[in-house]
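> Mind folding the following:
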Amino acid sequence: MPRPSARDRILDALQEILTREGLSAVTLESVAEAAGVSKGGLLYHFATKEAMLDAFVERMCRDAESEFADAEKSDDIVAYYLRASVPGSSDAALMWSLVASLRTNDVASQEARRLVADIFARWEELLRRRIADPVVAEIVRLAGDGLYLRALVGLSNPDDDALAAVTQRLSEQAQAQARESAATSA
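Have a look, this model is predicted:
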């Protein structure tokens, strides 16, 4: 397997530092050292910390594309979305750092904020398109947002059985509304 490019190693190092230590530990020097490149090598790819964070957000957005494609193919969009809303502990730490960087005006660009907002908007649009009842779609989105936020701040989410029951109930509501809409339009 070929060695990742210097640019990818830099972004991997940034992700590792964000996950392990948080945004306050991110400096051009710390990322360069973790990536095994000189500071000049890092500056060749990213002139500023903001440019490096922007590239990282862009890479996360590209990675999200495969998740959207899988969600589109899913038979049960409710279950898919709620599962996707419960990040693992390292994902939660990473996202917490990313959210912190997006809320800090001097670190993240408007473009990075827009890209992340676009991901949330795409989930919302997908749910509204796939769930016939807009109220049920909004409840599902809010439930997923709550699961995501709880994980980000380190609070426990419902146990597997409770989460499965919530998912099943919301899936049943979405499917019942879809059947009702189909019967009404027939």
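> Show me which residues of stretch 152-159 are buried.
By neighbour count on 16 or more other C-beta atoms under 10 Å, the buried set for stretch 152-159 is residue 152. Just so you know, the C-beta spots here come from the backbone N, C-alpha and C atoms, and that holds for glycine as well.
> Tabulate the CA atom coordinates of it in CSV.
Extracted in CSV, the C-alpha atoms of stretch 152-159 (Å, rounded to 0.1, in the frame of the first residue of the first chain):
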residue,chain,number,x,y,z
LEU,A,152,-20.5,15.2,21.8
VAL,A,153,-20.7,16.4,25.4
GLY,A,154,-19.9,13.0,26.9
LEU,A,155,-23.3,12.1,28.2
SER,A,156,-24.5,8.5,27.9
ASN,A,157,-27.1,7.7,25.2
PRO,A,158,-29.9,5.3,25.8
ASP,A,159,-28.9,1.7,26.2
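> residues near residue 127, how many?
Residue 127: 22 surrounding residues under other C-beta atoms under 10 Å.
> helices or strands next to the helix or strand encompassing residue 115 in the packing?
Using DSSP states H and E, residue 115 sits within helix 110-130. With contacts taken as 3 or more C-beta pairs under 8 Å, 6 or more residues apart in numbering; DSSP states H and E, helix 110-130 sits against helix 49-73, helix 77-84, helix 89-103, helix 134-152.
> Kindly reformat those as JSON lines containing distance to residue 6 and mean pLDDT.
Converted to JSON lines, the helices and strands packed on helix 110-130 look like this (distance: least, C-beta to C-beta, whole Å; pLDDT from 0 to 100):
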{"stretch": "helix 49-73", "distance to residue 6": "12", "mean pLDDT": "88"}
{"stretch": "helix 77-84", "distance to residue 6": "31", "mean pLDDT": "93"}
{"stretch": "helix 89-103", "distance to residue 6": "21", "mean pLDDT": "69"}
{"stretch": "helix 134-152", "distance to residue 6": "31", "mean pLDDT": "93"}
